[in-house]
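Student: give me a 3D structure for the following:
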Amino acid sequence: MTQQLYLSDFETFATNGGGNGPEWLPTLRRTAISRFAALGFPTPRNEDWHFTSVAPIAESEFHPLDITSGEVRSADLAPFLFGRVDWPTIVFVNGRYAAELSTTGTLPEGVRVLHLARAWRETPALLEQHLAKLATFEDESFTALNTAFMYDGAVVHVSKDVQLEMPIHILHVVDPIAARVVMYPRHLVVVDRNASARVIESYVSLGNARYFTNAVTEVALGDGAYLAHYKIQRESQRAFHVGTIQAHQPRNSKYASFSFATGAQLSRTNIYTLLDGEGAEVWMNGLYMVDGEQHVDHQTRIEHAQPNCASHEVYKGILG
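Tutor: Below is the predicted model of the structure:
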């Protein structure tokens, strides 16, 4: 029943234009929603979801939010900025870019941080090269759903040889207006050859609304590039969160991933990487802290596609 609801919402979304984008985007959306219709929601019979039932998501009714909330002010963001207002921060409220809350004017030469609607216009070649090329949806229901509905998100591009010292913060904020809403953040992080960067991806809530975040982040590294990527999930404890990170690592690239999950009634974070060049190395670390009847799940997948690569992994948790 709920699967049909998502298909109906897609028809409305597509009829209304589905946001701005290039000519190839509507076809991609249609292909993705068709794949979701074929796959359906995963069940514990799916090997990848053996320990996580998404029935609470599949049986709940959520709809995309058509308006941008005006309830969030700069002062509301203070608890989530790590005391560093000088860091470049791109803010999304209820899944929509909030220009008045974002501070990305301090970026050095060779670094761009755009929201997706602007990136369609200004960096179409970058998006065509990478978007939906890394996080494929052939066997991934939630990625297919995100691809069909993706409307906004952050595009981070660090040009070759640039050593970015200051972290870039992608901050998703949900306010009480988002009750019974589903959001589809879609991010792309590209770090070119021999460049380095740090990116923080935060999901936070200002209330205790019941909503659903279905996020996808694609990470494309160049030869010899380094990215430290921190994901922080502090959603409402009545919310649901499914996030997928897919990275591609060529020769001598380094990717350090850290995931911290403490919010949401049910949360699942998938972190996948392809070690696709000799000398590539990955660190996957995580910490979860939950209480009561919260359910948290991390799934990692590291593909050693080329020789002489290295991977390291540590996940720990605090229960109660």
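Student: which ones are touching the residue nearest to residue 225 when sequence neighbours are not counted?
Tutor: Excluding the flanking residues, the one nearest residue 225 by Cβ to Cβ, 6 or more residues apart in numbering is residue 191, at 4.3 Å. Every C-beta, even on glycine, is put in place using the N, C-alpha and C of the backbone. Counting by Cβ atoms under 8 Å, 6 or more residues apart in numbering, residue 191 touches 158, 197, 219-222, 225-227.
Student: what's the first helix or strand after the particular helix or strand that has residue 289 in it?
Tutor: Residue 289 is part of strand 281-290, with elements assigned from DSSP states H and E. Going down the chain from strand 281-290, the next helix or strand is strand 295-304, by DSSP H and E.
Student: and the next helix or strand past that next one?
Tutor: By DSSP H and E, the next helix or strand past strand 295-304 is strand 310-319.
Student: and that next one, how far out from the chain middle?
Tutor: 20 Å (Cα atoms, centre = their mean, to the nearest Å).
Student: and for stretch 75-85?
Tutor: The answer for stretch 75-85 is 20 Å, by Cα atoms, centre = their mean.
Student: give me the buried positions along it.
Tutor: Judged by neighbour count using 16 or more other Cβ atoms under 10 Å, the buried positions of stretch 75-85 are 77, 80-81.
Student: ditto for stretch 137-156
Tutor: Applying 16+ other Cβ under 10 Å to stretch 137-156 flags 137, 140-156 as buried.
Student: what's the answer for stretch 237-257, then?
Tutor: 237, 239-257.
Student: so for it, mean pLDDT?
Tutor: What stretch 237-257 shows for mean pLDDT is 98.
Student: on that earlier part again, can you redo the buried residues of stretch 75-85 as a markdown table with distance to residue 31?
Tutor: Shown next, in a markdown table, are the buried residues of stretch 75-85 (distance: Cβ to Cβ, whole Å):
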| residue | distance to residue 31 |
| --- | --- |
| 77 | 37 |
| 80 | 36 |
| 81 | 38 |
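Student: which of those lies closest to residue 58?
Tutor: The closest of these to residue 58 turns out to be residue 80 (Cβ to Cβ; 29.8 Å).
Student: partners of the closest residue in space to the closest one that isn't next to it in sequence in the sheet?
Tutor: If the residues on either side of it in the chain are set aside, residue 80 comes closest to residue 204, at 5.0 Å by Cβ to Cβ, 6+ apart. Taking DSSP bridges as the rule, residue 204 bridges to residue 173, residue 234.
Student: name the residues linked to the residue nearest to residue 225 by a beta bridge.
Tutor: residue 158, residue 221.
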